[in-house]
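Trainee: output the structure for:
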Amino acid sequence: MKLRRTRSGAGRVLVIYCHPLDEGFIPSAFERTKAGLAQTAADVRIHDLYRDGFRPELSADEHRSHIEPGVSDELRRYADDLVWCDTLVVVYPTWWSGQPAMLKGWIDRVWASGVAWELPDGANRLKPALRNVRRIVAVTSHGSTKAINSLQGEGGKRTLFRSLRSMCHPTCRTTWLALYGIDTCDESKRVDFLERVEAAMAAI
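Mentor: Take a look at the predicted model:
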């Protein structure tokens, strides 16, 4: 499958949302993300992975053919939107220092050959293909403190801002909106964070 790529430019935002519940802090952050984006002139597309029934597991056939360009018809709309956007916003809870399995599966299956990267004949390094993506924004929560996350290496942050960013435009900017210690913080900190999320989205 050959994907149609568009010229990079402001105003094309893809939101990937991952949470199994309809109520809670991350669902509230998702609503504030949408509210902030609604204040802009951006063209916004949203994928709610749980409500979509997204299958995160990489199949044996996908693994065997992972060097071959393209994705299955099942993944086509996700891949099309990834090569369409100039801004990627990911809203999710941090579990076990990283992305939930559902979101990690979206990365494994959609950031595929011919979508996020290419491997030219004879080459031993991947060639980035998502030059259209000029900004990645993460909205997430952590049960532990910032200090503990730093000691653990912040694996989820590295996945987004090192691994995925390396497949994007060379000057791709990153924004990390994270509430640490959510299990013990007071309500005022939660409210302040949600307001910060909406303001950041309105400024995109």
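
Trainee: please make it C-alpha for all contacts and neighbour counts, starting now.
Mentor: Will do.

Trainee: residue 98 contacts residue 160, correct?
Mentor: No. Between residue 98 and residue 160 there is no contact under Cα atoms under 8 Å: 9.9 Å.

Trainee: now for the residue sitting nearest the centre point of the chain: which residues touch it?
Mentor: The residue lying closest to the centre of the chain (Cα atoms, centre = their mean) is residue 90, at 3.6 Å. Listed by Cα atoms under 8 Å, 6 or more residues apart in numbering, the contact partners of residue 90 are 15, 16, 17, 136, 137, 138, 139.

Trainee: and with 10 Å instead?
Mentor: Applying Cα atoms under 10 Å, 6 or more residues apart in numbering, we find residue 90 in contact with 14-18, 30, 33, 46-47, 103, 136-140, 160.

Trainee: show me where this structure has helices.
Mentor: Counting by DSSP state H, the segments of the chain that form helices are 25-38, 49-52, 60-64, 76-84, 101-110, 146-152, 155-158, 187-202.

Trainee: who does the residue nearest to the centre of the chain bridge with?
Mentor: residue 16, residue 138 (DSSP bridges).

Trainee: for it, give its distance to residue 168.
Mentor: Remark: distance between residue 90 and residue 168 (Cα to Cα, to the nearest Å) = 15 Å.

Trainee: for the residue of the chain most remote from its centre, phi and psi?
Mentor: For the chain, the residue at maximal distance from the C-alpha centroid (Cα atoms, centre = their mean) is residue 122, at 30.7 Å. Main-chain dihedrals, residue 122, degrees, to the nearest 10: phi 80, psi -10.

Trainee: what pLDDT does it get?
Mentor: pLDDT recorded at residue 122 is 80.

Trainee: how about it, what does it touch?
Mentor: By Cα under 10 Å, 6+ apart, the contact set of residue 122 is empty.
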